[in-house]
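Undergrad: quick one: sequence and predicted model below, then my questions.
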Amino acid sequence: MSDLSVKPVLTGERTVLRPFTEADAAAMAEIIEDPDVVRFTGEPSAELTEERLRSWYGSRSEQTDRLDLAVTDRATGELVGEVVLFEWDAHARGCTFRTLIGPRGRGRGLGTEATRLIVGYGFEQLGLHRIQLEAYGHNARALRVYEKVGFVREGVRREADLRDGVWRDWVLMAMLEREWAAHRGHPYLDPA
């Protein structure tokens, strides 16, 4: 299994996933501050100054224990979000996945394709055995995408987070390498 130091460019029909640069900070600031992104990912733990974001996105390519890629619209090159493989466990050949897609990337299948691209890369190129994620139970759009790509619900951490005065569940999902090999991110297609 290789480490996560290689930062690939992954090209799909609608999206291109590419390494981040400092120049992506302004676009990512706008995406991170989107009300839906805040509602489903939480408030940032520290103030997101432009300097802090430039440092963060400018340093993503130096990380050897995680893979952060910018999700861009293939037709326009516009940055619409990010996908991340992190919490890499080399011994267990597993990691955690997360994504966020800004308003201009929603409703067009970009998030679904970006998820398939990075999950496929994780299994096929990195030799991962398991990719897991957690999503809020009230984030129906994300849960639909993850299930459409083949993630399996494993459990719920009930009322694990207090958000805006409401207790929220976390849904735990994962995909195994043999599941990916069987459907390659399309579990509901008729194989005939």
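TA: Yep, that arrived.

Undergrad: which parts of the protein are strands?
TA: 10-11, 15-19, 67-73, 79-89, 94-101, 130-136, 152-163, 166-176 (DSSP state E).

Undergrad: got the contact list for the fifth one?
TA: For strand 94-101, the surrounding residues in contact (CB atoms under 8 Å, 6 or more residues apart in numbering) are 31-32, 37, 40-41, 66, 71, 80-89, 110-111, 114-115, 118-119, 122, 128-134, 142. All C-beta spots, glycine's among them, are computed from the backbone N, C-alpha and C.

Undergrad: hmm, back to that, pick the most buried one from the strands of the chain.
TA: A comparison of the strands of the chain by mean neighbour count, using mean count of other CB atoms under 10 Å, puts strand 67-73 on top with a mean of 24.

Undergrad: what strands line up against that one, and which way round?
TA: Strand 67-73 has the following strand partners under DSSP bridges: strand 15-19 (antiparallel), strand 79-89 (antiparallel).

Undergrad: can I get these in JSON lines with distance to D164 and mean pLDDT?
TA: JSON lines is the format used below for the strands paired with strand 67-73 (distance: least, CB to CB, whole Å; pLDDT from 0 to 100):
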{"stretch": "strand 15-19", "distance to D164": "31", "mean pLDDT": "98"}
{"stretch": "strand 79-89", "distance to D164": "23", "mean pLDDT": "96"}
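
Undergrad: those into CSV, with extra columns for distance to L189?
TA: Below are the strands paired with strand 67-73 laid out as CSV (distance: least, CB to CB, whole Å):
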stretch, distance to L189
strand 15-19, 19
strand 79-89, 22
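
Undergrad: nearest to P187, out of those strands?
TA: P187 lies closest to strand 79-89 among the strands paired with strand 67-73, at 19.1 Å (CB to CB).
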